[in-house]
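*Asks:* A structural model of the following input is requested.
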Amino acid sequence: MEQLSMSLGVIIVLVIVALAFDFMNGFHDAANSIATIVSTRVLKPHHAVFWAAGFNFLAYFLFELKVAGTIGKGTITPAIVDHYVIFGALMGATLWNIITWYYGIPSSSSHALIGGLVGAAMIKVGPEALIMTGIWKIVAFIFVAPLLGFVFGGLLMVLVSWICRHMPPRKVDKHFRRLQLLSAAAYSLGHGGNDAQKTIGIIWMLLIAANVSSPNEHVPGWVVLACYTAMGLGTMFGGWRIVKTMGNRITKLNQARGFCANSGGAVTLFLATALGIPVSTTHTITGAIAGVGSTRGTRRVRWGVAGGIVWAWILTIPCSAVIASVAWLIGRQIL
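*Replies:* Modelled structure (predicted):
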């Protein structure tokens, strides 16, 4: 009876840690949804985060849980998952998020979580614990997602420029101030639909390992609701250190460019979520902003800033994996 109580206690603690990561994910990635509407002064920062958070939560009603399935059953062998692996993965992802948030680096919470899972599984079992087909698909989209964002954002900017070529600039800005609200809402839906599902997948893995659920059952409703709520709350508090980097340091944005960047990013996120591929909302919006900026010439994009962000992308999985492996060793002692 005491053992059952302890196991239940460990499960509760890890669910809380997972929701804390989800909160941090929303906090860390809030800039992705609001940077354009804040930098173009369509909304004040505190109004913008409420706008984004609301649509983060609305994603609960719109998306199938395909991304959660990929995380839960498509990255590491479910049979090796236990509370030590989950603890290591969550700590690796959370600590890397804190480090990158502190230094204002728009890294990927998604890939931090993947790196955490890989690191914890590798130190427990070795390379055979990894499901390489799923991992290679996720790694490929480190490059595919920003490229799609770049292409969609750039094409939309060209289309908008052609449609509005005879329109006075003030009239263009007036129309796109309103349209930017819709594009930011769409991006926030995509953010919630893709990112919250990653934590759903982690908690599902934990429940399966604890024999509370099984791979053949649906994800419990309370898990889905709790994760979308935590994501929305995190977005409401916002990661202000990253807003400046995403909003204007990559390229100068106005209302029309902000609309195209958010819309291009949203299309990419909807596509990836429909395919069940966990992608980085940070990578996606960075690519879309760069694509919009490049339509005015390559010199309009600060490639040095973008290059620094790319280095954060490259380092995220290995760094979070190393932290997770250390956390796994610590978890063996304290859990």
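
*Asks:* which positions within stretch 263-276 qualify as buried?
*Replies:* For stretch 263-276, a neighbour-count test (16 or more other CB atoms under 10 Å) marks 263-270, 272-273, 276 as buried. (Glycine included, C-beta is placed from N, CA and C.)

*Asks:* chain center to it, what's the gap?
*Replies:* 12 Å (CA atoms, centre = their mean, to the nearest Å).

*Asks:* how near is residue 227 to residue 119?
*Replies:* Distance of residue 227 to residue 119, given as CB to CB, to the nearest Å: 22 Å.

*Asks:* which helix in the chain runs the most residues?
*Replies:* helix 169-209 (DSSP state H).

*Asks:* could you say what helices and strands it packs with?
*Replies:* helix 2-39, helix 45-58, helix 66-73, helix 83-102, helix 109-124, helix 221-237, helix 255-274, helix 281-294 (3 or more CB pairs under 8 Å, 6 or more residues apart in numbering; DSSP states H and E).

*Asks:* of those helices, flag the one that's most buried.
*Replies:* Most buried of the helices and strands packed on helix 169-209, by mean neighbour count (mean count of other CB atoms under 10 Å): helix 281-294, with a mean of 29.

*Asks:* let me know the angle separating the longest helix of the chain from helix 2-39.
*Replies:* 170 degrees (axes from the mean of the first three to the mean of the last three CA atoms, to 10 degrees).

*Asks:* helix 45-58 and helix 169-209, what's the angle between them?
*Replies:* 50 degrees.

*Asks:* average pLDDT for helix 169-209, rounded please.
*Replies:* Mean per-residue pLDDT for helix 169-209: 87.

*Asks:* that one to helix 281-294, inter-axis angle?
*Replies:* On the basis of the same axes, to 10 degrees, helix 169-209 is oriented at 160 degrees to helix 281-294.

*Asks:* tell me how far helix 169-209 is from the chain's mean position?
*Replies:* For helix 169-209, the separation from the chain centroid amounts to 9 Å (computed by CA atoms, centre = their mean).

*Asks:* stretch 155-175 too?
*Replies:* Relative to its chain's centre, stretch 155-175 lies at 30 Å (CA atoms, centre = their mean).

*Asks:* name all residues that make contact with residue 137.
*Replies:* Applying CB atoms under 8 Å, 6 or more residues apart in numbering to residue 137 gives the contacts residue 277.

*Asks:* buried residues in the host helix or strand of it?
*Replies:* In this structure, residue 137 sits in helix 132-163 according to DSSP states H and E. By neighbour count on 16+ other CB under 10 Å, the buried set for helix 132-163 is 134-135, 137-138, 141-142, 144-146, 148-157, 160.
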